[in-house]
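K.L.:
Just to be clear, the model below is a prediction. Sequence and coordinates:
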Amino acid sequence: MKKMLLFFSLGIVCIAQLANAQSKIIIRNESWGYFSNPPIASESVATGGWALTEGMVAIGRGGLDNFGVKGIAKGGTNYNVGLYGFADSAAVTGVGVHAKSFNAGSSNYGVYAEASGGTQAWAGYFVGNVFTTGVYQPSDLRLKRNIKTEESVIQKIMRLRPVSYQYKADEMKYLQLPRENQHGFVAQELQEVFPEAVKSVQQPVFENDKVVRTEEFSAINYQVLLPLLFKAMQEQQTMIEALQKEVNDLKGRKITKASFMSDAVPNPANVTTTIKYSIPATSQKASIEIYDAAGKKILQYNNLGGNSQIVVNSSQLSAGTYVYTMFVGEKPIMSNKFLVGKG
């Protein structure tokens with residue numbers, strides 16, 4: 001047997017239907033114009049004592065799929081919110097949304113969020129600091145294609161400019177930027193070297209819980225840089241091992257005391273650097289060769305002899321580490337390195 005009850009109050013129609021073991025309440029509030037019209041306003045107030053107040057309690061139990069609260073917002077021309085949580089004036093701790101998931105037979109998700117479509121899609125967008133006790137990203141082989149070993153990146157890494165800075169927290173309060181000193185990169189500079197690590201972000205700006213405009217700026221995904229730093233470390237280790245092998249080889253040779261090659265001065269070098277040498281007259285085919293970080297020979301100075309020097313025009317070299325080796329009689333005698341700074 002079905003019963004239908006109609007209530008008219010302040011433009012609200014409440015229809016209650018009871019059938020078998022099912023109950024349903026449908027509330028519709030239809031309005032015209034630009035203002036808020038909540039169909040349900042629930043308030044719990046405690047006066048004169050320390051009581052627990054709950055504005056609304058919704059429980060879904062025993063079904064195949066349960067929803068304690070299901071919030072849907074659609075069709076708005078500006079801003080839709082499926083579920084809005086707000087905490088204000090707590091004496092100790094305020095929590096806008098408190099999510100828990102326990103005792104599932106397989107997986108528990110305190111919060112599961114999805115976002116897709118449009119130029120800006122963020123499953124989670126936080127204004128302010130974020131704390132977590134663990135972060136994982138998908139990296140399974142089954143999820144990837146076009147897998148290639150990273151090429152040499154040390155020259156690109158040397159082009160980066162690490163900086164310290166402070167955010168304009170007072171000028172952009174709606175972003176809740178940290179005020180303490182920061183360390184990182186400038187997004188526009190990083191984009192010139194690793195564009196895949198930079199993304200344009202549109203930050204919604206709220207006034208009275210409404211979006212009034214968006215602020216666009218560039219953001220950096222520092223996670224992209226981590227594998228590249230590992231690659232650069234591997235390249236440096238290869239260079240170190242090669243130099244160590246040369247040193248060990250030189251230790252096993254009898255080197256003429258008159259053969260000499262000085263340290264490069266200045267080091268690091270921005271404009272020029274000077275390398276002095278001393279080669280006996282009896283030596284043949286003496287030369288100094290210069291190699292970049294990848295082991296490619298880029299400069300060679302031949303027919304050296306006596307006590308003299310070479311001047312390397314480092315202003316024409318890219319920033320990075322360079323190795324120079326003296327050859328006497330087509331055999332490497334000694335090696336050293338110098339740095340070329342940016343600018």
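P.N.:
Thanks, I have the structure now.
K.L.:
Can you give the domain ranges for the protein?
P.N.:
Annotated domains of the chain cover 1-43, 156-224, 228-340 [automatic domain parsing].
K.L.:
Can you add mean neighbour count and give those domains back as TSV?
P.N.:
(C-beta placed from N, C-alpha, C; glycine too.) Listed next are the domains of the chain as TSV, based on neighbours: other CB atoms under 10 Å:
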stretch	mean neighbour count
domain 1-43	9
domain 156-224	13
domain 228-340	15
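K.L.:
got those domains as a markdown table, with mean pLDDT and distance to residue 61 columns?
P.N.:
Formatted as a markdown table, the entries for these read as follows, by pLDDT from 0 to 100; distance: least, CB to CB, whole Å:
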| stretch | mean pLDDT | distance to residue 61 |
| --- | --- | --- |
| domain 1-43 | 54 | 14 |
| domain 156-224 | 91 | 32 |
| domain 228-340 | 86 | 50 |
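K.L.:
This protein: helices as residue ranges?
P.N.:
With DSSP state H as the criterion, the chain has helices at 154-159, 187-193, 225-251.
K.L.:
mind checking which of those is nearest residue 40?
P.N.:
The minimum distance between residue 40 and the helices of the chain falls on helix 187-193, with 44.5 Å, by CB to CB.
K.L.:
What lies in contact with the closest one?
P.N.:
Outside of helix 187-193, the residues that reach it under the criterion CB atoms under 8 Å, 6 or more residues apart in numbering are 156, 159-161, 197-198, 217-220.
K.L.:
Next: stretch 259-276.
P.N.:
For stretch 259-276, the external contacting residues (CB under 8 Å, 6+ apart) are 277-280, 283, 288, 307-315, 324, 326, 328, 333-334, 336-341, 343.
K.L.:
hey, C-alpha coordinates of it in CSV?
P.N.:
Only the C-alpha atoms of stretch 259-276 are listed here, as CSV (Å, rounded to 0.1, in the frame of the first residue of the first chain):
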residue,chain,number,x,y,z
SER,A,259,107.5,16.5,-18.3
PHE,A,260,105.0,18.7,-16.4
MET,A,261,101.5,20.1,-16.8
SER,A,262,100.1,22.6,-14.3
ASP,A,263,96.6,23.1,-13.0
ALA,A,264,94.3,25.2,-15.1
VAL,A,265,94.2,28.8,-13.7
PRO,A,266,91.6,30.2,-13.0
ASN,A,267,89.4,27.2,-12.2
PRO,A,268,86.4,27.6,-12.6
ALA,A,269,86.9,29.6,-15.8
ASN,A,270,84.4,32.0,-17.4
VAL,A,271,86.5,33.8,-20.1
THR,A,272,90.0,32.1,-20.4
THR,A,273,92.0,29.6,-18.4
THR,A,274,95.8,29.0,-18.7
ILE,A,275,97.6,25.6,-18.5
LYS,A,276,101.4,25.7,-18.2
